[in-house]
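Chemist: Dropping the sequence and predicted coords here.
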Amino acid sequence: MKKERTGDNCRPFKLAHQILSLTGISFERRSIIGFVELTIVPLKDNLRYIRLNAKQCRIYRVCLNDQYDANFQYFDPFLDICQADPNTRSLEIFSQYHLAAAQKIDPDHNSGELHVQIPEDAAHLIGEGRGLRIGIEFSLESPQGGLHFVVPEGEGSLVEKSAHMFTYGHSARLWFPCVDSYAEPCTWKLEFTVDESLTAVSCGELVDVVFTPDHRRKTFHYVVNTPACAPNIALAIGPFEAYVDPFMNEFTHYCLPNLMQILKNTVRTLHEAVGFYEETLSTRYPYPCYKQVFVDETEDDATAYTTMSIMSTHLLHSIAIIDQGYISRKAMAQAVAEQFFGCFITMQNWSDLWLAKGIPDYLCALYAKKCFGNNEYRYWIHQELQEVVSYEEQYGGIVLDPWQPPATGARADTKEFYFPVRNVHTMSPRYMEVMRKKSHLVLRMLEQRIGQELLLQVFNKQLSLATQAANTKIGSRLWGQLLLSTNSFVKAIFTVTGKDMAVFVDQWVRTGGHAKFQLTSVFNRKRNTVELEIRQDCVHDRGIRKYVGPLLVQLQELDGTFKHTLQIENTVVKADITCHSKSRRNKKKKIPLCTGEEVDMDLSAMDDSPVLWIRLDPEMSLLRSTVISQPDYQWQYQLRHERDVTAQSEAIDALHNYPESATRKALTDTIENEQTYYKIRCRAAHCLTKVANALISTWAGPPAMLTIFRKMFGSFAAPHIIKQNNFDNLQHYFLQKTIPVAMAGLRNIHGICPPEVVRFLLDLFKYNDNSKNHFSDNYYKAALVDALAATITPVISVLQPGAPITADSLSADTRLVLEEITRVLNLEKVLPCYKNTVSVSCLRAVRRLQQCGHLPSIPTIFRAYAQYGQYIDVRLAAFECLVDFVRVDGKPEDLSYLLTALEGDPDPAVRHGLARLLISNPPFERAQRHRLDTEAVVHRLWNNVNSHLSNDARLRCDLVDLYYTLYGPKRPICVPLPEIQAMMKQMHHKERERLERERERERERERQKELEVKPVIKKEIEDVKYGSEIGHLTESGSIVPPLSESERTGHILPVPISSIKEEDVKVDVTTVHDMPGAVFSDAAKREFTSDNAVALPGIPGTSGPIGFEPGMFRHDITDEMGAPKAKKKKKDKKKHKHKHKHKHSSKDKSSKDKEHKDRSLPPRPPSSTDHLKIKEETRETLSSFSSSQSPSEDVSSMPSNMSF
Amino acid sequence: MTENVEKLESGSDARRRILNIAVSTVLLETGFESADKISLETLTEMLQCFFTEIGNSAKGYCELSGRVEPVLGDVVMAMINMGISIQGLEQYAARPNRHVIQPPQQAPAPRTPSMLSAGSKAKHASHIPFYLPSLPDPHAYIRTPTHKQPVTEYEAIREKAATQKRDIERALTKFLAKTSETHNLFNTEDNQVFPLIACKPTFPAYLPCLLPTDQVFDFDELEYHFQVANRTEDVPAEKKDQSDNEGDNGGDNDNANSSQAESQDLPVNSSPDRNKSGG
């Protein structure tokens, strides 16, 4: 057993097959009742424990081979991550616990939340290679992550309201018990019983749709014959309309009602992407079918699962929409690429995430190159490179595979991040994004090293091996071929190409950071050489490392382009490069470019050096940033004559620093040059704005770009009136959108926008005429509003300071601007444009007016637009304005409002988006003693991170990012250390007494409430008619338990023993909460935590609580926090409800031990034998239940399950 | 008619005033310092009757002798006939301390309102004798258009279309702003100047935004436009392409630097990305 421990061999069993059956799917209650059956093949004879993943589910029963009930324990460390150190508020410490928590339940470490203990009498079932079926019954109510119900408010049936639900993210454990690992593929049988009017779309092939006997519901049967791993299983249920792709019949697209037309348009070209991949990889699409489901309120644009993708409905667009088309096509192509790598071939460990993310990106980029052109492709790569570089310089070098140290050289320090990078559930979402981009870049580098042809052959080999393996049964032990790891990838490259890429992998995959080169050059006239100096000065800076190896330098000389490969061995490298060209002889001669073209250039700006420009690493074959020093005219030549978009883009960046008339000319020519790539032209326009502003004192003539714009878009007869819109030429369309915004940035010597520019913009509004256009002008109109907003400069107030701003105090220009903004915003209410782009821009413009003091800074409008029920883009824009408002003039209530939205907004995309907004524009700077920087905020954020968001890993990590932005890795300054706190306590003794009194009163009130709740519960209990524990979740037993299930299980299931027992533990917890002494007493708390600690995996005889609710570990500090009161009360109520129910049940059974326990708490039963005895007794009671099956008895046990 | 009567009255008024002045002057001359209004009026009346009588009879004599306009002799005859001696009249007229009454101001001749004329009257053609009445106003016999010639100037049309559109939009939004709830951008109570129509949550929120109504497109026609009529690529017939962002060729061009030497001479280019590797 010298084999390394990987994700697929760490478990003592293999998964062969899994059945997932969801029966009670209720949109009203947002709940699910289901059953899973895992068929496992043990790898050893003495298997005692099976660890599975399950989160936020309530487990009712675990049954082996339908015969033996197994004991199980449930434990989720994410419910209180820093359990051992509850008072810490430092991210450094949190980070350790966070990783520990993630690994404690990581299936790749053979752990999980659910520990199934194989009973003694079932031991004979275990045998190496003999299949064992584990059936688990579970339910799920109001899921907080992984599963999302979209049930719009208002009248009408579910279908009329387009209510639907879907799974999101790649955490299957959030909605059914499974082995939530990418490294454990198996075949699947999926059954979903839904309302007759709804459609269930899931992975695999649809084999049958069967009506239930009452014809009100139907069951969809899906079968996945190709092994797939649990994280890649997904489900979407809703009143979908289906559209079979006319080009590829195995592709089906689903959309919500009324969207069929735009669906057809959106998916029009998808078959091309599939064709491209099949051709490029020379492999057939690996699955028999593919489904795209477009749903509302997704977190991401597209998420790929086995044979299906869940896409955002916001990707849909009609044929008249331009901008969205690019995004949608890319997203869909990406999702298809992930079918090959990421779904069909998955990763072996988290360490191989970079392959699972990078390869689809790489393939998608190849498709984008074909589809959108080489310029777009190179521009994209360049953008990604810059993004990676800037992220790494801010946060630290990203190591793609941090598990295995590079063979040579010291291990890169992975501790530099404030979050653990070794588990996907603890990584910052931003980090994931950038890592994905870096993975793509590294794969592209690999392509350059070994050639595209060969790299594709490697992919092809992986795919064909996997295809072979997928057709075999589990017994063949070939399913490992479906997994890809860094090592196996390197091996495959070696087999195919004979090249050993280990050094490359060490350098770029197992080491973080990028290279940074500074280049200076001097021309030596005597020797006719260029003396280059390449330095790597910042190798010790964050995210930057030393590069050793070849580096390509490209010189454009008068006689042509010359490439030189320099060997970089040190931080300073000097090289003399002999010029091929003699100095200029004043001959009129065309200059050859690297493309072979010959062009005329105006060489008057040059000195006697024959070098026109120098580039470093032009093909982006390294992860690097470059700082090239060359004179302004060389940059100008580069911009004008270099054909590569990346070079042009870099030249534009550099020319910001050279405001002079030659730069102006070069930029103007670039904007006008029809041969130039449109994005470069747009960037040149923005650069020209800056240059013009710097040159303002000497600027002559009309404002920059006005002439260009009139020439291009002015009508023939009257150049000051814009032509009727015609976006058939898309280059011009993008310029038409960009130039007004760029012009709006112009400022005259007084620092305000020149009045003629404002007039020009207002005229654009006035004369905008889209009646003859084939495209919608919504993005153009939005750009015009953006332009108006960009003209606004801080108000020069004639008012008394402090006087209220009224409509009369506006300046004339502002008045016009505001009039225009209100008009278009109002018009959007009647005639909404696509995605409300205009409203989005208007909100930003209003905020801009507020920022500049033209309007009073009030958040009411933004709050209205941020409500649930507005379009998502509008909501996010409104939140953006609110975040900015909070930063500038927010009160604690305003921040609290945002945090409430962050915690409880119904739309996961908004929660995530808002978190990112708060991070990019934090409400206060770190340690500035800002008025919003209060202890309550710290605790509130901390509690979210520590326990409340246990089921939403992504948002949790978002909040960790936010916490880091606000407080850094250490303890926040506004929260004093405990020692200091102790001193304070003394001082505030009286204060404490007062609090205690208050608490006393609160308890009194709670007791009152409890009394009130009583009758309600009784009623509920009467309602329940079903003998099965599933029944109690359904409303008044209206849902018939599915036939299949009862067939399978044979008899109706008794309540699991442990559930009752766990119940007691739970009662302990609540009691502790209510104990007067527990408020500040750490001792009590410790005890309570240690109780749970006993429930850690692998310790027999004890058991942790069966179900947890996020926040149940909430310490009483929360009372002082800004958390919304209503929510809390609800929770309290719930608890009490439960408590009462429990009493009710204990009354029924009148089991003495329970009372004993209640009394004896907080101290637990002293000896474990005592404990066991209790357990035995309970078991007896239960077994009598299962035989008698009287409803009342079942009821008595049910609520105890229910309350978790 | 009424106008004429008024005119007459005003004329007789003026005459009577002169007579009144004359009587008063004579009275002053004679030595009176004041006179009752009524006696003055009586005297004036008498004088007027006297003059009327003289006039009438002078006219009689004049007509008797076959003339149309009376001469001095007629007046003399009339006075003699009335038994008034004209002896010494001359001396009386030239008496030394007589008062001279200001000659009455020439009343402005009441203008006869001209006929409403339209256009300028045309002169007689050469074949029409001059003594025939002049031609009537041109509108009586010339066809005039009942509407103005539309403006064909591009600028004005655009201006007008823009104004019209804006007016409609403004009226519509104003109406809605008045009839529905609004947001206020200011802290003030009244919200008349820049009212913002309040936003209402809609469920599902994506529907109106994904199926916008700001413009009406005929999608079938657009599809035809992009897919069939306006194709610029040499794509095999079975390969339909999406119009708005379709690249035209395989572009597996490893030499990025050649990418921009492309052919941009297509008259209608439907892709911004088309300026890639055509060459």
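Modeler: Happy to help now that I have it. Worth saying up front: this structure is predicted, and the values here are computed from it rather than measured.

Chemist: The spatially closest residue to residue A:494 that is not a sequence neighbour - how many residues pack around it?
Modeler: Nearest residue to residue A:494 in three dimensions, chain neighbours excluded: residue A:500, at 5.6 Å (C-beta to C-beta, 6 or more residues apart in numbering or on different chains). For every residue, glycine as well, the C-beta is placed using N, CA and C. Using other C-beta atoms under 10 Å in any protein chain shown, residue A:500 has 12 other residues around it.

Chemist: Just say helix, strand or coil for residue A:500.
Modeler: coil (DSSP: H, G, I helix; E, B strand; the rest coil).

Chemist: I'd say it and residue A:491 touch.
Modeler: No. Residue A:500 is beyond contact range of residue A:491, at 9.8 Å (criterion: C-beta atoms under 8 Å).

Chemist: Quick check: next helix or strand after the helix or strand containing residue A:200?
Modeler: Using DSSP states H and E, residue A:200 sits in strand A:199-202. Using DSSP H and E, the helix or strand that follows strand A:199-202 towards the C-terminus is strand A:205-211.

Chemist: and that following strand, what does it pack onto?
Modeler: strand A:217-228 (3 or more C-beta pairs under 8 Å, 6 or more residues apart in numbering or on different chains; DSSP states H and E).

Chemist: so where's the stretch 51-200 of chain B shaky on pLDDT?
Modeler: Applying pLDDT under 70 to the stretch 51-200 of chain B flags the ranges B:104, B:107, B:113-119, B:144, B:190-191.

Chemist: Okay, now stretch A:231-238: how far is its last residue from its first?
Modeler: 21 Å (C-alpha to C-alpha, to the nearest Å).

Chemist: And the pLDDT for residue A:1080?
Modeler: What the model reports for residue A:1080 is a pLDDT of 39.

Chemist: Show me the strands in chain B, by range?
Modeler: Ranges of strands in chain B, per DSSP state E, are B:182-183, B:196-197.

Chemist: Paired strands for the strand holding residue A:200, with orientation please.
Modeler: strand A:235-238 (antiparallel) (DSSP bridges).

Chemist: quick one: buried residues of the helix or strand just after the partner strand?
Modeler: Per DSSP H and E, the first helix or strand lying C-terminal to strand A:235-238 is strand A:241-244. Buried positions in strand A:241-244, judged by neighbour count with 16 or more other C-beta atoms under 10 Å in any protein chain shown: A:241, A:243.

Chemist: need the next SSE after strand A:241-244, C-terminal direction.
Modeler: strand A:251-255.

Chemist: what pLDDT, on average, does that next one get?
Modeler: The model assigns strand A:251-255 a mean pLDDT of 95.

Chemist: got the angle between it and strand A:205-211?
Modeler: Angle of strand A:251-255 versus strand A:205-211, following axes from the mean of the first three to the mean of the last three C-alpha atoms, to 10 degrees, is 50 degrees.

Chemist: Check the offset of the strand holding residue A:200 from the chain's centre.
Modeler: 24 Å (C-alpha atoms, centre = their mean, to the nearest Å).

Chemist: returning to that earlier point: and the gap between the residue nearest to residue A:494 and chain B?
Modeler: 24 Å (C-beta to the nearest C-beta, to the nearest Å).

Chemist: With distance to residue A:714 added, can I get the strands of chain B in a markdown table?
Modeler: Putting the strands of chain B into a markdown table (distance: least, C-beta to C-beta, whole Å) gives the following:
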| stretch | distance to residue A:714 |
| --- | --- |
| strand B:182-183 | 37 |
| strand B:196-197 | 33 |
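
Chemist: Need the winner for burial among the ones you listed.
Modeler: Mean neighbour count (mean count of other C-beta atoms under 10 Å in any protein chain shown) peaks for strand B:196-197 among those, with a mean of 22.

Chemist: what's the closest residue to chain A within the stretch 101-250 of chain B in contact with, if anything?
Modeler: Going by C-beta to the nearest C-beta, chain A is nearest to residue B:201 of the stretch 101-250 of chain B, at 2.2 Å. By C-beta atoms under 8 Å, 6 or more residues apart in numbering or on different chains, the contact list for residue B:201 reads A:153, A:867-870.

Chemist: now do residue A:97
Modeler: A:81-85.

Chemist: if you set the cut-off to 7 Å instead, what comes out?
Modeler: A:81-82 (C-beta atoms under 7 Å, 6 or more residues apart in numbering or on different chains).

Chemist: host element of it?
Modeler: Per DSSP H and E: helix A:91-104 holds residue A:97.

Chemist: partners of the helix or strand following that helix, with directions?
Modeler: Per DSSP H and E, the first helix or strand lying C-terminal to helix A:91-104 is strand A:114-117. Sheet pairing for strand A:114-117, assigned by DSSP bridges, gives strand A:49-52 (antiparallel), strand A:71-74 (antiparallel).

Chemist: moving C-terminal of strand A:114-117, what's the next helix or strand?
Modeler: Next element after strand A:114-117 (DSSP H and E): strand A:132-141.

Chemist: quick one on the thing from earlier: what mean pLDDT would you report for the helix holding residue A:97?
Modeler: 90.

Chemist: For the strands paired with strand A:114-117, give me CSV that also has mean neighbour count.
Modeler: CSV is the format used below for the strands paired with strand A:114-117 (neighbours: other C-beta atoms under 10 Å in any protein chain shown):
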stretch, mean neighbour count
strand A:49-52, 23
strand A:71-74, 24
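
Chemist: need those in TSV with mean pLDDT, can you?
Modeler: As requested, the strands paired with strand A:114-117 are exported to TSV (pLDDT from 0 to 100):
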stretch	mean pLDDT
strand A:49-52	90
strand A:71-74	90
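
Chemist: what's the closest of the ones you listed to residue A:518?
Modeler: strand A:49-52 (52.8 Å; C-beta to C-beta).

Chemist: picking up where we left off before, what's the closest of the contacts of residue B:201 to chain B?
Modeler: residue A:869 (2.2 Å).

Chemist: so what's that closest one closest to, chain neighbours aside?
Modeler: Nearest to residue A:869 is residue B:201, by C-beta to C-beta, 6+ apart, at 2.2 Å.

Chemist: thinking again about what came up before, next one: the helix holding residue A:97 to chain centre, how far?
Modeler: Using C-alpha atoms, centre = their mean, the offset of helix A:91-104 from its chain centre is 20 Å.
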